[in-house]
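# Pasting the sequence and the predicted coordinates here, then a few questions.
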Amino acid sequence: MDAITVSGMTVVYDKQPALENVSFSIPEGSLTGVIGPNGAGKSTLIKAALQLIPVRSGTVEVFDQPYKNQKQLIGYVPQRSEVDWDFPTNALDIVLMGRYRQIGWFKRANNKDIKWARACLEKVGMEGFAKRQISQLSGGQQQRVFLARALAQDASIYFMDEPFAGVDAATEKAIIQLMKNWKRQGKTVLVVHHDLSTVEDYFDHVLLLNKRPVDCGPTQSVFTIDNLEKTYGGSIAFLQKTTPAGGR
């Protein structure tokens, strides 16, 4: 079964198309990279699929049901740049936000929820920072806290918007390990990603996007020189350095 099906999605900013008639499907249990140049609409796609921004047209289905009926199955890790890190809250409270579907809005977390949240922080190596204000954390530590929040959501599908941006090597390793663990558990992960050199190591499925889909499918068959040339245009020398010799 396909976990995510997007059909005919168009998004327009200031009369300029950011996405044009985008359609694709992501199989359940896949780890999918959304790849494309700057301005290709990768982050816009994530936000539009999650109904965080208005769309001109298009539909999103989750396990063959309308997205609005399946929201509880979705977890989301936004870009760090979109978060107000000066907001006066600590790491534990951020992670507890991932439990609000279970707790209920405007209700207080009980001991079970707090224990769950602390366990999630421990899994990303942040258990010692539970009471630390998020503004006092490094970029890598902040990203780990948001990963712990995603763990707390215990979702079936995760959308992650450039989770590796601005983090140290240890945090990047922790992130990819977490995503691969989700995949082993049968979860589906969709990741906006920009580093072509790691695509084959990180993802078993790829969506190549430049306002419209160029190709979507298994990494081995989609992540090729031909397709990357179509996606990135004239950056041929750069692509040849960062893609495998076996790519066409």
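Ah, there it is.

# who are the neighbours in contact with the residue nearest the centre of the chain?
When the chain is reduced to its mean C-alpha position, the closest residue under C-alpha atoms, centre = their mean turns out to be M160, at 1.3 Å. Counting by C-beta atoms under 8 Å, 6 or more residues apart in numbering, M160 touches Y76, V77, A150, M179, V189, L190, V191, V192. C-betas here are computed from N, CA, C, even on glycine.

# which secondary structure element contains G166?
Secondary structure from DSSP states H and E places G166 outside every helix and strand.

# Just the CA coordinates for stretch 73-86, please, in CSV.
Extracted in CSV, the C-alpha atoms of stretch 73-86 (Å, rounded to 0.1, in the frame of the first residue of the first chain):
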residue,chain,number,x,y,z
LEU,A,73,-0.8,9.3,11.9
ILE,A,74,1.6,12.1,10.9
GLY,A,75,4.7,13.4,12.6
TYR,A,76,6.5,16.6,11.5
VAL,A,77,10.0,18.0,12.0
PRO,A,78,10.2,21.5,10.6
GLN,A,79,13.3,23.4,9.6
ARG,A,80,15.2,24.8,12.5
SER,A,81,15.0,28.3,10.9
GLU,A,82,11.2,28.3,11.3
VAL,A,83,11.3,27.8,15.1
ASP,A,84,11.3,30.6,17.6
TRP,A,85,14.2,29.4,19.7
ASP,A,86,13.9,32.4,22.1
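
# Show me how far it is from its chain's centre.
10 Å (C-alpha atoms, centre = their mean, to the nearest Å).

# likewise stretch 134-154?
14 Å.

# Need the residues that contact that stretch.
75-78, 80, 83, 85-87, 89-91, 94-99, 101, 116-117, 120-121, 123-126, 129, 158, 160, 163, 166-168, 170-171, 174-175, 178.

# ok, back up a step: please flag which of the contacts of M160 sit within helices.
Among those, DSSP state H puts A150, M179 in helices.

# Scan the contacts of M160 and report the most crowded one.
When neighbours are taken as other C-beta atoms under 10 Å, the top entry among the contacts of M160 is V189 (27 neighbours).

# picking that back up, among the contacts of stretch 134-154, which ones are buried?
With burial judged by 16 or more other C-beta atoms under 10 Å, the buried subset of the contacts of stretch 134-154 is 75-78, 80, 90-91, 94-96, 98-99, 116-117, 120-121, 123-126, 129, 158, 160, 163, 167, 171, 174-175, 178.

# which residues of this structure score low on pLDDT?
100-107, 234-248 (pLDDT under 70).

# mind listing the helices in it by residue range?
42-49, 91-96, 100-103, 111-123, 139-153, 169-184, 199-202, 219-222, 225-232, 236-242.

# Output those as JSON lines; include the columns distance to A3.
Formatted as JSON lines, the helices of the chain follow (distance: least, C-beta to C-beta, whole Å):
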{"stretch": "helix 42-49", "distance to A3": "12"}
{"stretch": "helix 91-96", "distance to A3": "25"}
{"stretch": "helix 100-103", "distance to A3": "19"}
{"stretch": "helix 111-123", "distance to A3": "22"}
{"stretch": "helix 139-153", "distance to A3": "16"}
{"stretch": "helix 169-184", "distance to A3": "12"}
{"stretch": "helix 199-202", "distance to A3": "18"}
{"stretch": "helix 219-222", "distance to A3": "17"}
{"stretch": "helix 225-232", "distance to A3": "23"}
{"stretch": "helix 236-242", "distance to A3": "28"}
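
# Nearest to K71, out of those helices?
For K71, the closest of the helices of the chain is helix 100-103, at 8.8 Å, according to C-beta to C-beta.

# what's around the residue nearest to K230 when sequence neighbours are not counted, how many residues?
Excluding its sequence neighbours, the residue lying closest to K230 (C-beta to C-beta, 6 or more residues apart in numbering) is V214, at 5.0 Å. Around V214 there are 21 other residues, counting by other C-beta under 10 Å.
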